[in-house]
Structures are given as C-alpha cells and as structure tokens.
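[1] take this sequence and fold it.
(chains A and B)
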Amino acid sequence: MKLKKAWLTAVAAATVWGAAGLGTAQAAEQYLGLPSYRVGPYAAGGTGVFGGWIDYMKLINEREGGVNGVKLVWQECETEYNNARGVECYERLKKQGDQQNVLFAPVSTGITFGVFERVPQDKIPLLSIGIGRSDTADGRVFPWVFPMIATYWSQASAIVGYLGQREGGMDKLKGKKIAVLYLDFAPGKEPFPVLDRLAQKWGFTTEKIAVAMPGNEQQAQWLQIRQMRPDYVILLTYGVSNPTALKTAARTGFPAERIVGWWWSGAEEDVVPAGDAAKGFVAGAFNPAGTDFAVIQDIQKLVYAKGQGDMQDPKRVGSTYYNRGVGHGIIYVEALRLAQEKFGKGKPVTGEQMRWALENLKLDEKRLEAIGAKGLMPALALSCADHEGSGRVRFQQWDGTKWVSVSDWIEPDRKLVRSLVEESAAAYAKEKGITPRDCSKEQ
Amino acid sequence: MIYREAGQFKASYEEDQQIFPIKQDRIVMAALVAAAFFVAPFVASEYWLQAVLTPVLVFALAALGLNILTGYAGQLSLGTGAFMAVGAYATYNFLLRLDGLPFLVGLVLGGLSAAAVGVVFGLPSLRIKGFYLAMATLAAQFFIVWALAKFPWFSNYSSSGIITAQRIEIFGFAFDTPARKYLLTLAIVSLLALVAKNLARTNTGRSWMAVRDMDVAAEVIGIPLMKTKLLAFAVSSFYCGIAGGLYAYTYLGTVEPDGFGLDLSFKILFMIIIGGMGSVLGAFLGAAFILLLPVGLNVLMHTSVGALVPATLASNLELIVFGVLIIFFLIVEPHGLTRLWQIGKEKLRLWPFPH
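    From the prediction side, this is the model:
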C-alpha cells in the first residue's frame, strides 16, 4: 500500500514535470528564465545576485505595473553552480507557454561556456556581467554574448593599474614580485593572458598558485607564498575560498593590506567570516555596496515593507552581491524599455529584439540618476563591436565593518585588452568558420 | 498470469543461452528499444531529448564502464571522471589534428586512449586491493584533470582549458539537431550495452567475477590475475572514454577539465551503488535515478511547494529530500534498483495467485 502511494506521488510529479512549459502566458507579460543557485559553496553569491534581480523586477511591477504595462514574470531553476545542471536549466527555461526566454544570465563562468554555442541557434542573448569568456566582448564574432560592464581581462588589467597607482606610477612595478593565488576553475585562469602581457610590459614577475575547488584548505599554498615573499598577492577566488584565503594568510603572517582580490572576493560574505583577518583587504568592484541609492530605498519601501522581498535575511539588502543583482535587473529592464521603444510599446519582446536592445544600450550618468542608481554601476555604452560597454573597475577596502572605496573608476589598458580580445575572437572565428559581422552595415 | 514462462521450451543450446530466455522479456525489451529509436525522437520535446534523455544515456554508459570494473571485476575505482576526460580530450585532439578523420573513428581512438591510460593506472591493482586501490585511482583522478589544465596543448591553447566540440558529421550527414544527437548517442550506447551484456557471459566475464569473489581462489584455478584485472581496467576505461566523448560531443558541446572532477566520479559511483552492482540494467536505472531525481524535485518545487516557501529554502529542501531518498532506497534495498526489479519480476510470476 505504501509503495503504491509512493508510486502515485512519483507519477504525479512526473506529470507535472512533463507538463512544465505548457503553462499559458497572458499577452501582456514578459517572461524571463532565471538560472539561479541558492545552495552549495557559492550560495552567498547566487542568493544575493538573483535576490537583487528579482527584487528589482518586483519593484518595477509594484511601482509602474511592469515595463510600459507589460508585467514582468519569471521562472527560477536551480543550477547548483554546476555546468551540467546549468545546461539542463537552460533547456528547461528556454520556453514557457508561447513565450521564449529573452535573456540567459547564469552568473557562472562554467555555465556560460556550456551554453554559449547554443544561444545563437536558440536566439537567446547570453548576459555574463563580470564573468564568462573575455573574448566574447568582440560583438562581431559573438553577436549573442554580452560580457557587460567589465570582462576578466579588463579587470586583470585594472588590478595591475591599481597596484601601479598604489606604488605611485606604473614604472614602479618594475622588479616587483606578485603571487597570483587562483581557485582552479575556469574563471580563475581566465585573467592569465592579460597578466602575462602586463608583466612583460611593466617588468614585474608573477607566480601562479592554484587552489583546488572549492578551496576550503589553503595551508600549503600560503606557506609557499610566505617562502616566496611577494610584494602583492592577487586573489582570484570565489565563495568559501575567500574567507579561507584571508584567514590562512593571517595565520601565515601575510598582511591583508597587500592582498588584492577581484570582484568575486569583494562582498561582505567573503570577508565577514574571516573576522579581523580581513581588515585592510582590498578587492575590485563594478558595483559598490550600500543602501544609500534611491533604487535600493525604493525596494525597501515598496517591496520589503510589504513583506514581499526575496531575501530571507532583509539585512543583506544593499550588500555587494545584492546590489550587483539590482544592476542585472536594471540592465534587463532598461534593455526591455529600449526594445519596446523600437519594436512596439506595451508588447512583450522576443530574444532577437532583446539582442538588438542590449547591443544598442546606452546608460549615461543622467539616465542612471533618473533610475536612482547613480554610482551603483559605471555608465555603459555598448555597440556592435564592443559588447563590454565600460571595462572600468573601482577598488574598495574592508575596514572591519564595511567596504570603503579607495580608488576612482580605473580604466583598463584598453589597447592591450582589446587587441587580445580581437586576436582571440579571430582565432575562434577561424576555428569555427564564422565570418565576423560587418559593423558598418548594422543599424 | 501474463508473465509466465510455462510452455516455452528450449530445444537448442542457442535458445537456452540467449540474453532474455523468457519470451515476455524479449517482447518488452524489443518494444522499449523500438520506442527509444522510433518514437522518442518524434514525440519528445527538444528539452527532453537534449537535457533528459541524452545525458541519461551518456551517464548510463559511464556507469556501465565503472560497473564492469567495480561490479564485475571487483576493483573499486574513483577515477571514472578522469577516464571520461581522457576520452573527451583525446577525441577532440584526434579530430582537430588529423584532418578528415571520421567522427566515429575519432571517438573510438578517444576510447582507446582512455583504455591505455586506464591500464597504466590499473597497474597498482595487481598489488593493492579495496580502499587502497581506490586511493590509487584517486591519484589518476587528480593527475589527469591537473594535466589537462596544466598543458595547454590538450585544449589547443584555450585560455581556460576549455574545448568546444567540432561538428559531428558521419558520411556527410550532420548530427546537429537534438534529435539526431540523441539517436547517435542511443545507437552507440545500445551497441556497447549489448557488448557488455554479452561480455559478462563469456569466459572473460566469468573470470572477472571469479577474481571479484576471491582472487586467490581464482588464481589457483588458473585464471591469470594480471591479464584479467588489466583487461577489466582497459574495457572499463574504454567505456568511460566513449562516454566522455559523447558527454562532450552530443551532450554539452563545451567542456572544461574541472567538469570531470571528483564530484563526477562519485556521482557515477553512486549510480552503480543505487542502480545495482554487477548489472547492465543497474547502470541505466542508477543513471536515471541520480540524474533525474534532483531535476524532477526542482521542477516540483517550482510548480507546487516552491511557491509557498522562500526560494532559498526550496533549493535546500531539494537536497534534503534527495539525500533522504537515497538513504531510504539503500535501507529498503541495499542491492540496488535492479534487485527491486528482480523482486518485482518474481512477484509478477506468481500474480495473481501468490502462495
């Protein structure tokens, strides 16, 4: 009897699953598939980014009734930051009723790699803010991929630029020893080509030290660093490996002030568990933390005051990852507005229209101020050839309780990064037999 | 009533020794295979073909490979993921560097490379057993993934060690849609499953089982241990290598060395434990269980319960339910899903008049 019941439940579940994707969508709804990750070693990032994104969409629905009257709806799918699960989610989220997914943003470099050859066929733009393949910034070869705001290569260049600033000039980097401690996953190795070229250009040496995933044991690596006595450590880790790195550094006596992280180690969740060991640690950011922004206050007023927020812990509203998610939401909604303006207001857009809008997206300081997000992200201007749009990174230091900005927006070495992007994209186009688009013919 | 073998007489040795001696089994199996080949590609949606059926087949093949080694020959291995990686990267390099090499030849060469690597890492099995052997294969797991990431030649100098699969073309016919890729996978997997099923019933298979049950006794009755164990490693790694090639070419399309990490090896080990050691059917059942249950739970969470609880809690609930179900199955039936199936068959024979 019990078994029978179990079987019935299983059959019912299977039926629901089989029917998934058959739901009916009303005309004035814009569907979006969200491949979120809320469990596992990277859950802090996943809950923050997707929570912020969802809250921003809730705000738009609440305040304006959607985008020009088109209500925003979404469906989540748990990827666990796992590539195979991510691909499954991509396929599952592709269609909902009669609406196609218009944007896929897995916030995971591995999943981005996993789907980036599928998106042109399915006509779904792939948004990889601060993650993914750096050479996809060349929109002529990768029309469907948008590594917006800044790629890993721009970031690597900005980190070296920041170190140069700290030393009082790029030429002062000559002869310096820099250890690069990276988590041994795809994005951890992504910055290497840029670091190598910059090391050659400015005459410093780098030593790359790998940490196996997920990186919750780093004793050996930091002992190696202590023997090496580098001037700086560039920290390319994510999730639980961040506090581990800082704690181990403190134990082996390497000062936190001389560790510079990337933007995936620059959130509250990365430093708070490390306690005092994190004090003085500097990390890159393309979005600052804080609740002073008008848009965050609106979310608190219109979403959280009604108890509808997505964050289980409302205190995390305004944290780095959360604000990053709000940034994702802003880019999504602004691209929707632009697409509707061109292809018909008050109507849901398609993936192709979304792609056009993303490529022609321009968010200047004025527009950012109107949205209430001035300073939350750098101004963006994308084009057919440039799918990055900004490339600027700023640096912030953890003072023990909050992140304090210690630099202005730092420009990457554009010439060097862009030439690498074009070189790598051209090699890819050749391998795959792709003819790059002629941007002068695009409108 | 419907499942009874009364009246089915075996008049020759061939009839007595066929894979499915009972007529009903043959009919069901033929219908299943026919449905998989001729119905599924037309009925199933792209999502089902690409994200459900193809991965289940690929992982079933990998589990089958591990089952040959662990289930039949009794050598515990934690290097399955690495052998899959060898298959995927070797196939990629053969196709990349030898112009005009047919895809299937590349895939088989990939499998053979994995077999060669498997034999090398199988050598310690001649001296050590059990958990100690698991440690030795663990070394294979870490070493191979490290080597693939460390030497850029393997990934044709891509900055992160990532490879993207070339187009699959066989005799000028492009396998580029999900349905075609599914059919290709299905054809290869069914062929290899048939080979495995038969292999287990030959002299080789029987010597594997003899070594598994007691290697000293096996040696005494004249089974050469070295040859038998290394052959098990070679065949098993060949299967894993082919599975790795399919994983890269017909399923994901883009793979990185880290994707073949220890997690993957454990996942495949769980598949054969849940599915049933030393059984071809077990590999398929286990792969389906381990792969589809989390996805099914996720769908269920988002359609029903998920709406009531916060999304973060829902995601954690999935993991909890998944873990509890695994424990439940192991307690109820430690010999795996295959055993459940066998019990079901016995019951069916007596139905509707049990003693």
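[2] now residue A:264. Its backbone dihedrals?
    Main-chain torsions, residue A:264, degrees, to the nearest 10: phi -90, psi 10.
[3] ranges for the strands of chain B?
    Under the criterion DSSP state E, strands of chain B are mapped to B:163-164, B:169-170, B:173-174, B:254-255.
[4] deepest of these, which one?
    strand B:254-255 (a mean of 26; mean count of other C-beta atoms under 10 Å in any protein chain shown). (C-beta placed from N, C-alpha, C; glycine too.)
[5] residues in contact with that one?
    With C-beta atoms under 8 Å, 6 or more residues apart in numbering or on different chains as the contact definition, strand B:254-255 has outside contacts at A:113, A:114, A:116, A:117, B:88, B:162, B:163, B:164, B:165, B:247, B:248.
[6] out of these, which end up buried?
    Among those, those buried by neighbour count (16 or more other C-beta atoms under 10 Å in any protein chain shown) are A:113, A:114, A:116, B:88, B:162, B:163, B:164, B:165, B:247, B:248.
[7] burial measure for the closest residue to residue B:340 other than its chain neighbours, as a count.
    Nearest non-adjacent residue to residue B:340, counting by C-beta to C-beta, 6 or more residues apart in numbering or on different chains: residue B:333, 5.1 Å away. For residue B:333, the count of nearby residues is 17 (other C-beta atoms under 10 Å in any protein chain shown).
[8] need the pLDDT of residue B:333.
    Model confidence at residue B:333, expressed as pLDDT, equals 86.
[9] over to residue A:14?
    Note for residue A:14: predicted pLDDT of 54.
[10] indicate the residue of the stretch 1-150 of chain B located nearest to chain A.
    As assessed by C-beta to the nearest C-beta, chain A sits closest to residue B:51 within the stretch 1-150 of chain B, at 3.8 Å.
[11] okay, now the unreliable bits of the stretch 51-200 of chain B?
    By pLDDT under 70, the low-scoring segments of the stretch 51-200 of chain B are B:159.
[12] what packs against the top helix by length along chain B?
    Longest among the helix segments of chain B by residue count, using DSSP state H, is helix B:280-303. The helices and strands touching helix B:280-303, judged by 3 or more C-beta pairs under 8 Å, 6 or more residues apart in numbering or on different chains; DSSP states H and E, are helix A:2-19, strand A:71-78, helix A:83-93, helix B:54-66, helix B:178-199, helix B:262-275, helix B:311-332, helix B:337-350.
[13] for residue B:246, what are its contacts?
    Applying C-beta under 8 Å, 6+ apart, one finds that residue B:246 lies in contact with B:57, B:58, B:61, B:107, B:185, B:188, B:189.
[14] what of residue B:275?
    B:63, B:67, B:281-287, B:289, B:336-338.
[15] could you measure it against residue B:289, distance?
    To residue B:289, residue B:275 is 7 Å away according to C-beta to C-beta, to the nearest Å.
[16] shared neighbours, the two?
    Here residue B:275 and residue B:289 have residue B:337 as joint contacts, going by C-beta under 8 Å, 6+ apart.
[17] ok, the contacts of strand B:254-255 vs residue B:79, which is closest?
    Each of the contacts of strand B:254-255 was scored against residue B:79 by C-beta to C-beta, and residue B:88 proved nearest at 14.3 Å.
[18] now do the same contact list for that closest one.
    Counting by C-beta under 8 Å, 6+ apart, residue B:88 makes contact with B:110, B:163, B:244, B:245, B:247, B:248, B:249, B:255, B:260.
[19] how about 7 Å then?
    Listed by C-beta atoms under 7 Å, 6 or more residues apart in numbering or on different chains, the contact set of residue B:88 reads B:244, B:245, B:247, B:248, B:255.
[20] please report how far it lies from residue B:131.
    On the measure of C-beta to C-beta, residue B:88 and residue B:131 end up 28 Å apart.
[21] next: residue A:431.
    Per C-beta to C-beta, residue A:431 is found 44 Å from residue B:131.
[22] which one's more surrounded, those two?
    More neighbours surround residue A:431 than the other of residue A:431 and residue B:131, with 13 against 8 (other C-beta under 10 Å).
[23] check that one and give its pLDDT.
    Model confidence at residue A:431, given as pLDDT, is 80.
[24] on the three-state scheme, it is what?
    Counting by DSSP: H, G, I helix; E, B strand; the rest coil, the backbone at residue A:431 sits in helix.
[25] skip the chain neighbours and tell me the closest residue to residue A:100.
    In space, and not counting its chain neighbours, residue A:100 is closest to residue A:351: 5.4 Å by C-beta to C-beta, 6+ apart.
[26] I figured that neighbour hits residue A:102, correct?
    Yes - using C-beta atoms under 7 Å, residue A:351 is in contact with residue A:102, at 5.0 Å.
[27] what do these two both touch?
    By C-beta under 7 Å, 6+ apart, residue A:351 and residue A:102 have these common neighbours: residue A:124.
[28] who has more neighbours, the two?
    Ranked by neighbour count (other C-beta under 10 Å), residue A:351 and residue A:102 place residue A:102 first, with 26 against 19.
[29] report the secondary structure state of that one.
    Under three-state DSSP, the three-state class of residue A:102 is coil.
[30] backbone dihedrals for the nearest residue to residue B:208 once chain neighbours are set aside, please?
    Among residues not flanking residue B:208 along the chain, residue B:73 sits closest, at 4.0 Å (C-beta to C-beta, 6+ apart). Here is the backbone geometry of residue B:73 (degrees, to the nearest 10): phi -100, psi -10.
[31] which residues does the residue of the stretch 301-443 of chain A found nearest chain B contact?
    With C-beta to the nearest C-beta, the shortest gap between the stretch 301-443 of chain A and chain B falls at residue A:312, namely 5.3 Å. Residues in contact with residue A:312 (C-beta under 7 Å, 6+ apart) are B:310, B:312.
[32] what does residue A:151 give?
    For residue A:151, the contact set (C-beta under 7 Å, 6+ apart) comprises A:134, A:137, A:388.
[33] distance of it relative to residue A:425?
    Counting by C-beta to C-beta - residue A:151 and residue A:425 are separated by 12 Å.
[34] then residue A:196?
    As judged by C-beta to C-beta, residue A:196 and residue A:425 stand 18 Å apart.
[35] show me which of these two is the more surrounded one.
    A count of neighbours by other C-beta under 10 Å puts residue A:425 above the other of residue A:196 and residue A:425, at 22 against 13.
[36] on that earlier part again, how about the residue nearest to residue A:100, phi and psi?
    phi -60, psi -40.
[37] ok, now the one 10 residues further on?
    With angles defined as degrees, to the nearest 10, residue A:361 sits at phi -70, psi 130.
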